[in-house]
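[1] pasting the sequence and the predicted model now:
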Amino acid sequence: MDIPKVYVNGRELSSAQLDAFKQIYRVVPAPGHWWYDAISGMYGAEGQGATGFMYPGHDFGPLPADASRGTMPVFINGRQLTQVEVNYLAWLAGGAVAPGRYWVDAQLNWGYEGVPMPAGNLRMLAAARGGGGGRGGSGGDNTWSGLVGSGNYTDDNSAGYVSIPGVGPIASYGM
């Protein structure tokens with residue numbers, strides 16, 4: 001019986017990496033071909049845009065620029081974005097997204113490639129657009145939603161989840 005294989009950034013995960021993944025996330029990663037951005041923690045199915053977030057910093061190899069087969073002149077952490085992703089960012093920003101190369105970190109701060117100072121925060125943009133960051137109650141309830149997903153995170157961002165209906169699995173961390 002063949003064990004389904006998991007590939008991330010074009011490399012098959014070793015049994016040690018699969019064991020570590022299960023230890024951290026308490027689930028086995030879905031078989032298939034995935035991309036992963038170690039800077040932001042974003043991931044998605046190979047050939048598609050972002051599906052969710054995991055912890056940043058895993059060593060799954062370098063993120064290929066064409067991992068999501070994007071065609072837009074917008075790159076985040078070296079990955080070329082899809083039309084859907086750029087549309088979502090334009091909605092967040094309330095206007096067009098300028099072609100260029102940007103970075104996004106795990107706290108969703110963003111900036112221009114080569115400039116270490118953040119230019120903004122995507123979570124705050126979502127909150128300003130009515131799509132997140134607002135408190136739903138006490139105890140660190142930070143429910144958010146947007147055009148392509150929804151989620152929740154604790155005040156210190158030590159645990160949370162992202163759900164994108166009809167696209168992929170629910171991503172969670174720290175739970």
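    Structure's in. What do you need?
[2] closest to the centroid, which residue in the chain?
    Nearest to the mean C-alpha position of the chain, counting by Cα atoms, centre = their mean, stands Met42 at 2.3 Å.
[3] quick one, grab the pLDDT at that one.
    On the pLDDT scale, Met42 is placed at 95.
[4] now it, what are its backbone angles?
    Dihedral pair for Met42: phi -70, psi 150, per degrees, to the nearest 10.
[5] any idea what it is bridged to?
    Met42 forms beta bridges with Phe53, as assigned by DSSP bridges.
[6] quick check: it vs Asn77, distance?
    8 Å (Cβ to Cβ, to the nearest Å). Just so you know, the C-beta spots here come from the backbone N, C-alpha and C atoms, and that holds for glycine as well.
[7] could you work out the end-to-end span of stretch 89-98 for me?
    This stretch, stretch 89-98, spans 10 Å end to end (Cα to Cα, to the nearest Å).
[8] how far off centre is that stretch?
    18 Å (Cα atoms, centre = their mean, to the nearest Å).
[9] for stretch 21-31, same thing?
    Counting by Cα atoms, centre = their mean, stretch 21-31 is centred 17 Å from the centre of its parent chain.
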